[in-house]
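Undergrad: Okay, here's the prediction I keep looking at, along with the sequence it came from:
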Amino acid sequence: MARSGIQYSDVQHAIDTLLTRGDTPSVQRIREVLGTGSFTTISEHFRHWRTEREQNRDVPPPKGVPEVVVNVASELWREAQEVANQALLHYREEANRQVEEAQQLAENAEQLAANAEQRESALAEHFRHTEQRLEALNRELAASQAKEQHWQQAATEAHEENQQLKKANEALQQHNVALGQQHTTALKEQQSVWEKRLAQEELRNENAEGRLMAMLDESRQERAQEEKASQKRLQQKQQRIEALTEELKQNRGDLLKQQTQANQYAQQAKEQEQHIATQKERITSLTQQLTDAQENSKQQREQMKREREWQATMGQQMTALQQQLSELPASINVRERQLNEND
């Protein structure tokens, strides 16, 4: 249906103007005469004018019109019909092409929107998996930090225990040295006196030996509390030994026993050193485990940093895609308005 802007009478008047000037009517020339109007409307009126002209072909021209003018008008009319048919065919092809392009653009826009929705859905799913993975990494990091604190506490306790063992070992070594010196000095003095009076005390040796064994048994029983009252016991023992100086000429066996005890002290010191070495190895192992835990924690923090950077990049890409999707309907509307204006 023709538009209401350009009337048939306007087109007919423009055709008459062209014929008067001797120009062949065409849609383009009619529009130039009118100065406005769409090609579709002008083409419909022009087709209507040709139809009426074809129907009135056999109607004789008005009286008074020269035959030459009639022939020229007829020839111009024939040429105008041919040109109009060609122009109409051209405009129809162009209109069909524009319609096809518009349909193709609409299909492309729909496909782009569908692809964008699929991509957005895939990105959302990937983002959800990334958040889950990030939560798992956070849990692992918390566990690693708790484990690291545990190892640090264990290392601290082991270090404190090692310091205590060192102090105890030093105190024990000092005590052993002092006790060994005292025993050695006392035994040397006693042995000198015993050797001088050995000949005189042979008969009393058995009784003295019995008393000495009782004294040694008593000394062994008292040794359990030696750390608190060691000096006092040594003084008591010194007094008892001085009282029995004349009776212990042949107490070389006691010296051997004392040496055995010194060997036992040395064995205990050696065991303490072995225990300290074991504690050192334990501290070294705990330190290595702490270092491994710290390295593992560092790697996990770096991995979380990379995950956050990747997540930020994906968020920016999703924002840009959403912006493109939001601008797509406006672009399609602009394209549709352009097509409508061309029509």
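TA: Now that the structure is in, tell me what you want to look at. Just so it is clear, the structure is predicted and the values come from calculations on it, not from any experiment. Numbering: from 1, shown residues only.

Undergrad: C-alpha only now, for contacts and for neighbours.
TA: Fine.

Undergrad: In the protein, which residue is most central in space?
TA: Among the residues of the chain, the smallest C-alpha distance to the mean C-alpha position (C-alpha atoms, centre = their mean) belongs to E307, namely 2.1 Å.

Undergrad: before we move on, what SS does it have?
TA: Reducing the assignment to helix, strand or coil with DSSP: H, G, I helix; E, B strand; the rest coil, the entry for E307 is helix.

Undergrad: Would you agree L76 is in contact with T20?
TA: No: contact status for L76 versus T20: not in contact, 10.7 Å apart, counting by C-alpha atoms under 8 Å.

Undergrad: okay, the two: which has more neighbours?
TA: L76 (17 against 11; other C-alpha atoms under 10 Å).

Undergrad: Quick check: the gap between that one and Y8.
TA: When C-alpha to C-alpha, to the nearest Å is the yardstick, L76 and Y8 sit 20 Å from each other.

Undergrad: distance between the host helix or strand of Q111 and the chain's centre?
TA: Following DSSP states H and E, one finds Q111 within helix 67-196. Using C-alpha atoms, centre = their mean, to the nearest Å, we find the averaged C-alpha position of helix 67-196 to lie 3 Å away from the chain's own average C-alpha position.

Undergrad: pLDDT averaged over it, what's the number?
TA: For helix 67-196, the per-residue pLDDT values average out at 77.

Undergrad: and that helix, what other elements does it pack with?
TA: Where contact means 3 or more C-alpha pairs under 8 Å, 6 or more residues apart in numbering; DSSP states H and E, helix 67-196 is packed against helix 252-342.

Undergrad: Give the other helices and strands that the helix it packs on contacts.
TA: The helices and strands touching helix 252-342, judged by 3+ C-alpha pairs under 8 Å, 6+ apart, are helix 67-196.

Undergrad: Q258 and E195, how far apart?
TA: Counting by C-alpha to C-alpha, the gap from Q258 to E195 is 18 Å.

Undergrad: Return the backbone torsion pair for T24.
TA: Here is the backbone geometry of T24 (degrees, to the nearest 10): phi -80, psi 130.

Undergrad: wait, doesn't Q289 sit right on W151?
TA: Yes: contact between Q289 and W151 holds when scored by C-alpha under 8 Å: they sit 7.4 Å apart.

Undergrad: Give me the more crowded residue out of these two.
TA: Here Q289 and W151 are set side by side on neighbour count (other C-alpha under 10 Å), and the busier one is W151, at 19 against 16.

Undergrad: Give me the pLDDT for the closest residue to that one other than its chain neighbours.
TA: Residue nearest to W151 in three dimensions, not counting chain neighbours: L290, with 5.8 Å by C-alpha to C-alpha, 6 or more residues apart in numbering. Confidence per residue is given as pLDDT, and for L290 that number is 77.
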